[in-house]
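>>> Predicted structure and sequence below. I'll ask about it afterward.
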Amino acid sequence: MIRAFLAIAVFALVLPEAKAQTYVADLSCTTGPFRVKLPKTYKALRVLAPLKRERVLQKEEQEGHTAVYRELRFNGLELEVVTYSDKPNQYVLSSAVLSTPSWRIGGQLRVGTAARIALKGLAAPPYPSDGELEFNGDSDSIRVTLSRGRILDVEFSCATE
């Protein structure tokens, strides 16, 4: 019994942490090397690829205009954006989830890419083979899920104000 416990304890010490959080000073969804590269207008965003689903998540009345929180779902990409009634063709990104390699909007953070390549500049090696890594900036964050040393999916969470 004690041997089994010691084996588990040693095993746990040897493995890199599967869910680690790291602060990255220049991390931002809209600027810098880890930004999400999307079209500038809402109209162009909607035709980025065949749209699988679009729905309104919430409407919020604000000082003289309405903020509409929307979900856009494409094959392998889910976006949540905020649009404003006083600026109908503009949007603010709230979140993006990339789950297929065909999307190249996350810079070096691309599904299927080896962690040692994709995570350069975000975290120091060694990287876990499997698990989640979270990188936090001052207001935005990125969550990367790894499987067998490669990126399985990437989630960007962005400040909307």
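Received, thanks.

>>> part of a helix, is Arg116?
Yes: Arg116: assigned to a helix according to DSSP: H, G, I helix; E, B strand; the rest coil.

>>> Thr66 versus that one, what's the distance?
According to Cβ to Cβ, to the nearest Å, Arg116 and Thr66 sit 46 Å apart. Heads up, the C-betas are built off the backbone N, CA and C, glycines and all.

>>> again with Val111
Distance from Val111 to Thr66, counting by Cβ to Cβ: 35 Å.

>>> The chain: strands as residue ranges?
19-23, 51-62, 65-74, 77-84, 87-98, 131-136, 141-147, 150-157 (DSSP state E).

>>> which of Val111 and Thr66 has more neighbours?
The neighbour count for Val111 versus Thr66, taken as other Cβ atoms under 10 Å, is higher for Val111 (21 against 12).

>>> Isn't the more buried one up against Val97?
No: if you go by Cβ atoms under 8 Å, Val111 and Val97 don't touch, sitting 10.2 Å apart.
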